[in-house]
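**Q** Sequence first, then the predicted structure, then my questions.
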Amino acid sequence: MDLRPLHDRVMVRRLDEGEQLRGGIIIPDTAKEKPQQAEVVAAGNGKLLESGERAALDVKAGDRILFGKYSGSEIKIEGVEYLILKEDEILGVLE
């Protein structure tokens, strides 16, 4: 199943941060914070302006991004978890 986000929305997949060690103790998966880095999987066509034109998005599929801790809506498609964000919830692009 393919999903294409609408307007200025972006579909991303969180990137794993790997195993965290704090003071020699391995933190279990249930206690870890969710990563705030993701890879853009799909992007919408852009925000519709009052003039009827579309403002192009600054991100594209394949970009690595940073986003806020409580941003977006989580969805699950065919067993894979994704996050749908508005473009203005994206803090920056990692290069």
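**A** Structure's in. What do you need? Residues are numbered from 1 along each chain as shown.
**Q** For stretch 36-56, what is the distance to the chain centroid?
**A** 13 Å (CA atoms, centre = their mean, to the nearest Å).
**Q** ends of that stretch, how far apart?
**A** End-to-end distance of stretch 36-56 (CA to CA, to the nearest Å): 24 Å.
**Q** Now tell me what touches it from outside.
**A** Contacts to stretch 36-56, defined as CB atoms under 8 Å, 6 or more residues apart in numbering, come from residues 2-15, 17, 57, 59-69, 82-83, 87, 94. In short, each C-beta sits where N, CA and C put it, glycine included.
**Q** So for it, what gets flagged as buried?
**A** Ala38, Val40, Val41, Ala42, Ala43, Gly44, Lys47 (16 or more other CB atoms under 10 Å).
**Q** Same check on stretch 88-95?
**A** Glu89, Ile90.
**Q** Of the buried residues of stretch 36-56, which belong to helices?
**A** Among these, no member falls in helices (DSSP state H).
**Q** of the contacts of stretch 36-56, buried ones?
**A** 5, 8-12, 14, 57, 59, 63, 65, 67, 82-83, 87.
**Q** partner residues bridging Lys47?
**A** Taking DSSP bridges as the rule, Lys47 bridges to Ala55.
**Q** circling back: return the closest of the buried residues of stretch 36-56 with respect to Glu78.
**A** Closest approach to Glu78 among these (CB to CB): Val41, at 12.6 Å.
**Q** any idea how far the closest one is from Glu89?
**A** 15 Å (CB to CB, to the nearest Å).
**Q** again with Leu15
**A** 16 Å.
**Q** What confidence value was assigned to the nearest residue to Arg4 once chain neighbours are set aside?
**A** Spatially, and ignoring its direct neighbours in sequence, Arg4 is nearest to Ala42 (5.9 Å; CB to CB, 6 or more residues apart in numbering). pLDDT for Ala42: 91.
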